[in-house]
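**Q** Based on what follows, work out the 3D shape:
(one chain, ligands or ions: 1)
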Amino acid sequence: MKLRALDITLVGMFVALMAIGANITTIAPFLRVGGVPITLQTFFAILAGLILGSRLGAIAMLVYMLVGMVGAPVFADFYGGLSIIIRPTFGFIVSYIFVAFIIGRVVERKKTVAAFIIAAVIGMAVNYLLGTNWMYFAYKIWAAAPSGFTYKMAWLWMVPPLPKDLILAIFAGMMAHRLEKTVLSKGQFKQLKRVS
Ligand SMILES: O=C(O)CCCC[C@@H]1SC[C@@H]2NC(=O)N[C@@H]21
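**A** Numbering: from 1, shown residues only. Down below sits the predicted model:
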């Protein structure tokens, strides 16, 4: 597997976008529901899969996770460090790798606007499923859970960010499809989604 200068640049760009997306709302502490911070990470993870494809998109999300694990404050609440593993939101961070990979696989095969939007929504569902289940088990097993914490409560925390994530997923699908037709299918970008 050989990465070109363009690939490395785009991976770096998406790592930076994820860090910005994680913290753009941190300045407003009310943008948190229960244990869940409201962020733009899901939007950028979806875009990574749509624009970079499965291979490079998953690499970008893996690098993002590793950069945070070695201490850079790239996660929500400017959090960084190996202890992220025991934070209840770590499942969301791991899920971004799968989100980008699965979305990439879909759009590498079908290039219609519908496929881009469906792929984005599937990616969002993967993000919510993995992240919320991880969060539930984290609170049940090792994290300090609020009193009366239940599986239903974990999902109720996900209701406020859901409309925002769904609208942004559809927007990402439309925008990336447009980019695909105008830029990504040309020149050096054409190789981004090669399946090796
Ligand atoms: O700790 C982190 O960096 C991860 C935070 C995850 C927040 C999740 S992602 C899906 C949902 N949408 C949001 O705006 N917040 C949650």
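**Q** now residue 79, nearest residue through space, not along the chain?
**A** residue 73 (6.3 Å; C-beta to C-beta, 6 or more residues apart in numbering). No exception for glycine: its C-beta is placed from N, CA and C like everyone else's.
**Q** Just confirm the one you found is within a helix.
**A** No - counting by DSSP: H, G, I helix; E, B strand; the rest coil, residue 73 is not part of a helix but coil.
**Q** number of nearby residues for it?
**A** 16 (other C-beta atoms under 10 Å).
**Q** Report the contact partners of it.
**A** 19, 23, 79-80 (C-beta atoms under 8 Å, 6 or more residues apart in numbering).
**Q** next one: residue 40
**A** By C-beta under 8 Å, 6+ apart, the contact set of residue 40 is 20-22, 24-25, 168.
**Q** Restricted to buried residues, select those in ChimeraX.
**A** Buried residues within the contacts of residue 40, by 16 or more other C-beta atoms under 10 Å, are selected in ChimeraX with:
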select :21,22,25,168
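**Q** List the ones among the contacts of residue 40 that fall in helices.
**A** If you go by DSSP state H, the contacts of residue 40 have 20-22, 168 in helices.
**Q** Filter those to keep only those in contact with the ligand.
**A** Filtering the ones in helices among the contacts of residue 40 for proximity to the ligand by C-beta under 6 Å from any ligand atom leaves residue 22.
**Q** In the chain, what helix or strand scores lowest on average pLDDT?
**A** Least confident helix or strand of the chain, by mean pLDDT, DSSP states H and E, is strand 32-33 with a mean of 78.
**Q** Close to the ligand: what parts of the chain are there?
**A** With C-beta under 6 Å from any ligand atom as the criterion, the chain meets the ligand at residues 22, 36-39, 41-42, 75-76, 89, 92-93, 127, 131, 161, 165.
**Q** Quick check: phi and psi at the residue nearest to the spatial centre of the chain.
**A** Geometric centre of the chain, nearest residue: residue 45, 3.1 Å, by C-alpha atoms, centre = their mean. Here is the backbone geometry of residue 45 (degrees, to the nearest 10): phi -70, psi -40.
**Q** And the pLDDT for the residue nearest to residue 79?
**A** With respect to pLDDT, residue 73 scores 97.
**Q** That one and the ligand, how far apart?
**A** Counting by C-beta to the nearest ligand atom, to the nearest Å, the gap between residue 73 and the ligand amounts to 10 Å.
**Q** cool, residue 146 as well?
**A** 17 Å.
**Q** same thing with residue 11?
**A** 18 Å.
**Q** what residues are up against the residue nearest to that residue when sequence neighbours are not counted?
**A** Residue nearest to residue 11 in three dimensions, not counting chain neighbours: residue 60, with 4.5 Å by C-beta to C-beta, 6+ apart. By C-beta under 8 Å, 6+ apart, the contact set of residue 60 is 10-11, 14-15, 18, 48, 52, 100.
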